[in-house]
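Engineer: Structure for this input, please:
(chains A and B)
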Amino acid sequence: MKIPGERKGAIAHHGKPLWKRIISCWELYLLLIPGIVLTIIYKYIPMYGVQIAFRDYNPTLGFSGSPWVGLKWFTKFFTNYKSMEMIKNTLLLSLYTILWTFPIPIIFSLLMNQLRFKRFKKLAQTILYAPHFVSIMIVCGMLRIFLSPYGGLITMIASAFGADTSIGLLDQPGNFRSIYIASAIWQDAGWGMIIYMASLSSVDASLHEAAKVDGANTWKRIIHIDLPALVPMIMINLIMSFGNLMNVGFEKAFLLQTDLNTATSEIIATYVYEQGMLKSMYSFSTAVGLFNTAVNILLLIVVNKIAKKTADISFI
Amino acid sequence: MKKRMSKVVSLLLISSMVASMTACGKNNGNKVNGDTETGAVQTDFEIFAGISALSPDNAEKPIVKQMNEAMGVTVDWNCISGDTLIEKKNLVLNSGTDMPDAFMGASLSDYEIITNGSNGVFIPLENYINEDTMPNFSKLVAERPELLATCTMPDGHIYTLPTISEMGFTYNDGNDYYIGAIPQFMGINKEWLAAVNMEMPTTIEELHDVLVAFKENDCNGNGDATDEIPLSFEWGHWCADMTSLFSAFGFTDYNADHRAIKDGKVYYQASSDNYREAIKYFHDWYAEGLIDMEAFSQDDSQYIAKGSGADARLGVFSWWEIPEVTGDHADEYEYLTFLSGEDGTIGVNLNEQGTTGHDRFAITNACQNPELLMKWIDQCYDPVLSMQIIYGPIGEYFESEPNADGVYLETAEAGGDLKAKTELWAPYRQLSTDFGTYYNMEERAQQRRDDLNNVWFEKVSNFEYYPSVVYSLEETDVINENLQDIKDYTSEKVANWLINGGVDKEWDAYVAQLENMGLNDVVDAWQSAYDRYEKETSAK
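Structural biologist: This is a model prediction of the structure:
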């Protein structure tokens, strides 16, 4: 990862062979070893199993012994009547989630930064990030109760505003994404805010003082001092969330799924679970999961390129 | 530098490969050592077992302790209940390592039995089925010789032991029928009928008018005219679905695979024209607010909570009996038997009947002493032990001593959910002659049998049903590959039509899509298995 402002050639040993550079600061490499080992064991070695996406997996024959079937499972997936719908659902759910949940922690932190009363600030912060610690199972249970067509709190409020409640709110496919995203904001916006608060606290106070002397009002100072200070963090967070784009919360989508809202709630992750875990079609679900990952990598590269062009920040 | 990096990477790869290879070697080594240490005298078995959600671990059950002591066996149980059973079973079966010695009560599908049998994961059991190893089972086979055929897989091997439950009755046509022949009994609140001053409906239109009256009036008299739910059910549920009402359109659809048969010809019920008419008709009911809004999403506990709350809230509902859903209000309800259509149409497809199953016990290739394990499991086929496996132990579920006729009577605590706490999911026998000899049929089961015989069978005219056939390997493959998607598609579409309408417009596309998904191949597989079955039985 490149950090903006890093000077070219800042490292003293630049130009020497790799091993000499390693030896000269070996302590750092020693600290790196556990991380590398863990990544290799838990992230790279299991990739060996991805080959069953191209095989008809049979546990007694093992990964490499199962018969090779080429692209059979991919063909099966793409000829499935639901595949296009699932890809669309996954993409839309992820994109909308980022679109709505991404700016809110930034706005929160900018506002919170303006609060003068320390105690109130602390209290507000705690209240905002407390929901993050509620288990997703419980959040979904609460949602199901609030959205129940018989006396659910949200149902009653919605019907008072003239919403159609002749079908349960959760059972209407059109509502699924809104419910999913609104509850995600409620749960995680406060938590996401913390990292931005940290960046803001490191902004040099003299900048604000100078701006005040020049007659800048609060709004101007937010736009010209606070926001630019957050940009590197925003870009990093954005790339990270695109990295997880296609891995949108499986648990939540699965727990909020009903027979009637599958038109929008069936995403690739829930389908992989059903096919693999419940129907033990491991090869097929591996193929679908592999496709999901491939799309994700593609998106990540695109976003990385854009970020590099616009803010000179990149991961790869 | 690039070159060096690639060297580093390849070194890392090689070292990880070596590491994993040595790991494999180690495992194998252990296994070999294990073999020589325990040899042929393995008495400690590891069993993966399904249990009911309310049940304690199998190790704590008195029957299991008794069985272990009798054979000098210790069992290391891995008991799983509820929704995670299927998931865990799949993982254990497919991981290829740490295989238990046996699977018990793990609801193995035919597909799993066949594939794992041909893979060599499940071992053939037929060599152990003899007087010496399995005295009790041999006795059972002598009484029911056809039992072995029901658990023999198409490759000629027996990988799983059968269960038999002959809980049924002889109808006046001289044939025996299974207690599950009609799984969905509709109940109607007769006090509500009296409150709205209407007669018991006999046609679907009459029921419609009754439901409208239920909806408009405060039938339960609690001052709130909106809490009455005219018709409730659980969509796609084996006993709580509403398909008994479809009789007015000439059919009922009890089978989860929507499989039906007429004059020896198998077809998919959910693509028939009658089905379309029924869905179209019942959509109007939904639009009028006669159907529970939660019918497509509720589970058993929500459903029962509605039926058994302080005020009666259900007008018409479906379940395998009345009291379980309605609780204290049970007296207010009466059966609503099959209704006819306006033109007098009435038709019922009986549920597929089976007295036998074969998903309760399989031994894997990890077991080194299958003979002892088979001796151990054979005890389950002793009639008195079977009784305790199905219900619960003597001294808890049954009285400690049998009565003068040698019949064990149920204790006062029996019934309710005690069975779910004390039963053991293991193979068992329950022959029609066991009732009255060793124990009596549960009261609820007797009641249900009599209701079927006296009330529900009255309007049945077609007694044809799809028998328990054995599929060939190819047929299993075709069915396993296509059927689940087909059923999911049907379920999704039909629920959508019932709620939002539009069945006429989308029907042709739906049928075309089903064919596209391989429906014809699946029906052909059903048909060929049936034809083979017919040929075999008529030959005998």
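
Engineer: residues touching the closest residue to residue A:55 other than its chain neighbours, list them.
Structural biologist: Closest residue in space to residue A:55, ignoring its immediate chain neighbours: residue A:66 at 4.1 Å, by Cβ to Cβ, 6 or more residues apart in numbering or on different chains. Every residue, glycine included, has its C-beta placed from N, CA and C. For residue A:66, the contact set (Cβ atoms under 8 Å, 6 or more residues apart in numbering or on different chains) comprises A:52, A:55, A:56, A:57, A:58, A:283.

Engineer: Now for the first one: which residues touch it?
Structural biologist: This means residue A:52. With contact set as Cβ under 8 Å, 6+ apart, residue A:52 has these partners: A:63, A:66, A:282, A:283, A:286.

Engineer: Any regions of the chain where pLDDT drops low?
Structural biologist: Answering for chain A, as no chain was given. The model of chain A has pLDDT under 70 over residues A:1-14, A:311, A:313-316.

Engineer: actually it's chain B I care about, not the one you picked
Structural biologist: Counting by pLDDT under 70, the ranges of chain B that qualify are B:1-40, B:415-416, B:540.

Engineer: for it, what spans make up the strands?
Structural biologist: With DSSP state E as the criterion, chain B has strands at B:44-51, B:74-81, B:102-104, B:160-165, B:168-170, B:176-178, B:185-189, B:229-231, B:259-262, B:265-268, B:314-319, B:333-335, B:356-363, B:429-430.

Engineer: looking just at contacts, which helices and strands does the fifth one meet?
Structural biologist: Think strand B:168-170. For strand B:168-170, the packing partners by 3 or more Cβ pairs under 8 Å, 6 or more residues apart in numbering or on different chains; DSSP states H and E come out as strand B:176-178, helix B:443-454.

Engineer: Could you dump those into CSV with mean neighbour count and distance to chain A added?
Structural biologist: CSV is the format used below for those (neighbours: other Cβ atoms under 10 Å in any protein chain shown; distance: least, Cβ to the nearest Cβ, whole Å):
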stretch, mean neighbour count, distance to chain A
strand B:176-178, 18, 28
helix B:443-454, 15, 29
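
Engineer: Let me have the ones you listed in JSON lines, adding distance to residue A:19 as columns.
Structural biologist: Shown next, in JSON lines, are these (distance: least, Cβ to Cβ, whole Å):
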{"stretch": "strand B:176-178", "distance to residue A:19": "78"}
{"stretch": "helix B:443-454", "distance to residue A:19": "80"}
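
Engineer: Highest neighbour count among the contacts of residue A:66?
Structural biologist: Highest neighbour count within the contacts of residue A:66: residue A:57, with 25 neighbours (other Cβ atoms under 10 Å in any protein chain shown).

Engineer: on that earlier part again, so of the contacts of residue A:52, which ones are in helices?
Structural biologist: Of the positions in these, A:63, A:282, A:283, A:286 sit in helices, assigned by DSSP state H.

Engineer: Which of the helices or strands spans residue A:272?
Structural biologist: helix A:268-273 (DSSP states H and E).

Engineer: what about that helix, distance to the chain center?
Structural biologist: 17 Å (Cα atoms, centre = their mean, to the nearest Å).

Engineer: That helix and chain B, any residue contact?
Structural biologist: No: Helix A:268-273 stays clear of chain B (Cβ under 8 Å from any Cβ of the partner chain), getting no nearer than 9.0 Å.

Engineer: And the contacts of residue A:66, which is closest to residue B:169?
Structural biologist: Distances from residue B:169 to the contacts of residue A:66, taken as Cβ to Cβ, are shortest for residue A:58 (44.8 Å).

Engineer: and that closest one, what is it in contact with?
Structural biologist: A:65, A:66, A:67, B:115, B:119.

Engineer: Same check on residue A:222?
Structural biologist: Per Cβ under 8 Å, 6+ apart, neighbours of residue A:222: A:110, A:114.

Engineer: before we move on, what about residue B:109?
Structural biologist: Contacts of residue B:109 (Cβ under 8 Å, 6+ apart): residue B:359.

Engineer: Against residue B:377, how distant is it?
Structural biologist: 20 Å (Cβ to Cβ, to the nearest Å).

Engineer: Residue A:187 too?
Structural biologist: For residue A:187, the distance to residue B:377 - Cβ to Cβ - is 50 Å.

Engineer: that older thread, so which elements touch the helix holding residue A:272?
Structural biologist: So helix A:268-273, by 3+ Cβ pairs under 8 Å, 6+ apart, packs with helix A:83-101, helix A:250-255, helix A:282-311.

Engineer: Could I get those helices in TSV, plus columns for distance to chain B?
Structural biologist: Below are the helices and strands packed on helix A:268-273 laid out as TSV (distance: least, Cβ to the nearest Cβ, whole Å):
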stretch	distance to chain B
helix A:83-101	11
helix A:250-255	12
helix A:282-311	6
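
Engineer: Same list, those, but as CSV with distance to residue A:208 please.
Structural biologist: Output for these, formatted as CSV (distance: least, Cβ to Cβ, whole Å):
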stretch, distance to residue A:208
helix A:83-101, 29
helix A:250-255, 40
helix A:282-311, 23
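
Engineer: Residue A:19: which of these is closest?
Structural biologist: Nearest to residue A:19, of the helices and strands packed on helix A:268-273 and by Cβ to Cβ, is helix A:282-311 at 29.8 Å.

Engineer: In the closest one, which residues are buried?
Structural biologist: Of the residues in helix A:282-311, A:282-292, A:295-296, A:299-300, A:303-304, A:307-308 count as buried by neighbour count, 16 or more other Cβ atoms under 10 Å in any protein chain shown.

Engineer: Show me what that helix is packed against.
Structural biologist: Going by 3+ Cβ pairs under 8 Å, 6+ apart, helix A:282-311 lies up against helix A:72-79, helix A:227-243, helix A:268-273.

Engineer: How about the residues of chain B by chain A?
Structural biologist: B:1, B:4-5, B:12, B:16, B:20, B:86-87, B:90-91, B:93-96, B:112, B:115, B:119-121, B:235-236, B:289, B:293-294, B:296-297, B:484-485, B:489, B:491-492, B:495-496, B:499, B:513, B:516-517.
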